[in-house]
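Q: sequence-free structure coming up:
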């Protein structure tokens, strides 16, 4: 919940928005590197209103469409946004990979089946890397100076390249795990 609160507060820190604008901004600008679900946005918005971190500015009704509730950040919300932003910069974030559980128990499966799964994962990752590198090239073409999006893309690519290296090494050494 902390991440989504930080994102919503950060977006509302910039300008008042309604829920669909928040969703669209997240999808368009953060979709490749964050996993925020549509339903969690509205849940977080209601919690933030409840906590007085944001407030409803107005409800806009257009024809037969549902009303759009426009939110803005409050003084309390700005303080919370800055606290969360500073906290995330300082927190060491241990990442857990559910795939490591499969590696731990891999000898429960036949070696050729594990080899198949590793090969499939390698192919998927190569395709993702290709996609991200194309995105990075487009971003480099459109940006005259370094941009935070380029730093995020670099971060993602480096992690993916490390994962690819590790998977290829696992596949090469598979016989050694089955001794």
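A: Sure, I can see it. As the structure is a computational prediction, the values presented were derived from the model and not from experiment.
Q: how about stretch 66-73: buried residues?
A: 69, 70, 71, 73 (16 or more other CB atoms under 10 Å). The C-beta positions use only the backbone N, C-alpha and C, and glycine is treated the same way.
Q: residues touching it, excluding its own?
A: Contact with stretch 66-73 is made by 9, 12-13, 16-20, 45, 48-49, 53-62, 81, as judged by CB atoms under 8 Å, 6 or more residues apart in numbering.
Q: so how far is that stretch from its chain's centroid?
A: 24 Å (CA atoms, centre = their mean, to the nearest Å).
Q: for the residue most central in space within the chain, give its distance to residue 121.
A: Centroid check for the chain by CA atoms, centre = their mean gives residue 34 as the closest residue, at 0.9 Å. Residue 34 sits 22 Å away from residue 121, going by CB to CB, to the nearest Å.
Q: could you say which helix or strand holds residue 175?
A: Using DSSP states H and E, residue 175 sits in helix 174-177.
Q: quick one: list the elements packing against that helix.
A: Judged by 3 or more CB pairs under 8 Å, 6 or more residues apart in numbering; DSSP states H and E, helix 174-177 is in contact with helix 111-142.
Q: on contacts alone, who are the packing partners of the helix it packs on?
A: Secondary-structure packing of helix 111-142 (3+ CB pairs under 8 Å, 6+ apart): helix 148-172, helix 174-177.
Q: could I get those helices in CSV, plus columns for mean pLDDT and mean neighbour count?
A: Shown next, in CSV, are those (pLDDT from 0 to 100; neighbours: other CB atoms under 10 Å):
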stretch, mean pLDDT, mean neighbour count
helix 148-172, 93, 14
helix 174-177, 94, 11
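Q: pop the domain breakdown of the chain in here.
A: 2-90, 99-177 (automatic domain parsing).
Q: check what pLDDT residue 55 gets.
A: Model confidence at residue 55, given as pLDDT, is 96.
Q: SS state for it?
A: strand (DSSP: H, G, I helix; E, B strand; the rest coil).
Q: for the closest residue to it other than its chain neighbours, what are its contacts?
A: Distances taken as CB to CB, 6 or more residues apart in numbering put residue 74 closest to residue 55, at 5.5 Å, once the chain neighbours are dropped. Listed by CB under 8 Å, 6+ apart, the contact set of residue 74 reads 52, 53, 54, 55.
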